[in-house]
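In: need coordinates for the following:
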Amino acid sequence: MSEMNLVVNITCNPPIISIFGPIKESTVDLLNETIPNSCSTTNTGKAPFALVRKENPPHWFGELRAQFASDDIGTSMLFISILDALEEEGTWKLRGGSSMNHDDKASYKFFFVRGAH
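Out: Below you'll find the model as predicted:
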């Protein structure tokens, strides 16, 4: 994947997040801090959330196994947490998105570019 593109995949429920593309460690740290508090249910601490680096293909991956993001407020708060963290990084521009329902779940995809006007 190009250094100029970033794709964020979110599947609910439970929330599963994958981030494909280059993001700063400080952004990962911020996401690890804010995402667990963005769901409709509270984090019990039994399954702590942390984005981990996967290598095949290279991406960041995290799963909130014991949490739920409701269709209205929960998913919106989850999206805002991710969008705010990427905005703080200061280089990403949201260029598109899509969603689909399948197997009693909803999947969302956000496309970002760097350096676009």
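In: what's the mean pLDDT across the helix or strand hosting residue 75?
Out: Taking DSSP states H and E as the definition, residue 75 sits inside helix 73-89. Average pLDDT, helix 73-89: 86.
In: quick one: contacts of it?
Out: Outside helix 73-89, the residues that touch it by CB atoms under 8 Å, 6 or more residues apart in numbering are 6, 8, 10, 12, 15, 17, 23-24, 26-27, 30-31, 34-35, 37-40, 68-69, 92, 94, 106, 108, 110, 112. To be clear about C-beta, it is placed using only N, CA and C from the backbone, and glycine gets the same treatment.
In: also stretch 107-117?
Out: 3-12, 21, 75, 79, 82-83, 86, 91-101.
In: hang on, the earlier thing: partner strands of the helix or strand just after the helix holding residue 75, with direction?
Out: Following helix 73-89 in sequence order, the next helix or strand is strand 92-102 (DSSP H and E). Partners of strand 92-102 in the sheet, by DSSP bridges, are strand 105-114 (antiparallel).
In: now the strand it pairs with: how far from the chain's centre is it?
Out: The chain centre lies 8 Å from the centre of strand 105-114; the measure is CA atoms, centre = their mean, to the nearest Å.
In: can you give me the angle it makes with helix 73-89?
Out: Angle of strand 105-114 versus helix 73-89, following axes from the mean of the first three to the mean of the last three CA atoms, to 10 degrees, is 10 degrees.
In: residue 7: what secondary structure?
Out: Assigned by DSSP: H, G, I helix; E, B strand; the rest coil, the conformation of residue 7 is strand.
In: now residue 10
Out: strand.
In: check contacts around it.
Out: By CB under 8 Å, 6+ apart, the residues touching residue 10 are 16, 17, 75, 78, 79, 82, 107, 108, 109, 110.
In: counting neighbours, what do you get for the fourth one?
Out: Read that as residue 78. Residues lying near residue 78 (other CB atoms under 10 Å) number 24.
In: centroid residue for this protein?
Out: The residue lying closest to the centre of the chain (CA atoms, centre = their mean) is residue 17, at 4.5 Å.
In: where does the protein have its least confident helix or strand?
Out: helix 73-89 (a mean of 86; mean pLDDT, DSSP states H and E).
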